[in-house]
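Trainee: Sequence first, predicted coordinates after that:
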Amino acid sequence: QVQVVESGGGLVQAGGSLRLSCAASGRTFSWYAAAWFRQAPGKEREFVAALYWSGDETRYADSVKGRFAISRDNAKNTVYLQMNSLKPEDAAVYYCAAGRVALAATPADYDYWGQGTQVTVSS
């Protein structure tokens, strides 16, 4: 079992930045790929970014490419999502996930999920 807990959400003005954190515990997190998804009210959960934990490979949704960056700190068992140039359409609950499928963009490919952290972007 892997437990993940997100933090770092909040209210930010359009054009601003936030950094989300995903702290993992339980089984060796380095065995798993990690990802961020988001879900806005009335919409399906959508892929944001993924990181193959034991490597430097990343994958991004087109909508965030060039603005968001996923990274990890193995010593802290933590994955980060740096979000820059935020737009009102980025507002959502952001979820961290861990799974066995490298760089997957489908929620079903992830086994462990956090409770989510709210990001609100004011225009």
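Mentor: It's in.
Trainee: so who does Lys87 touch?
Mentor: Counting by CB atoms under 8 Å, 6 or more residues apart in numbering, Lys87 touches Ala14, Val121. Where you see a C-beta, it was placed from the backbone N, CA and C, and this is true even at glycine.
Trainee: State the distance from it to Ser54.
Mentor: 32 Å (CB to CB, to the nearest Å).
Trainee: Likewise for Lys43?
Mentor: Distance of Lys43 to Ser54, computed by CB to CB: 32 Å.
Trainee: higher neighbour count, these two?
Mentor: Neighbours were tallied for Lys43 and for Ser54 using other CB atoms under 10 Å; the higher tally belongs to Ser54 (14 against 9).
Trainee: quick one: secondary structure of the more buried one?
Mentor: Under DSSP: H, G, I helix; E, B strand; the rest coil, Ser54 falls in the coil class.
Trainee: If the most centrally placed residue in the chain is in a bridge, with which residues?
Mentor: The residue lying closest to the centre of the chain (CA atoms, centre = their mean) is Trp36, at 2.3 Å. Beta-bridge pairing for Trp36 (DSSP bridges): Ala49, Cys96.
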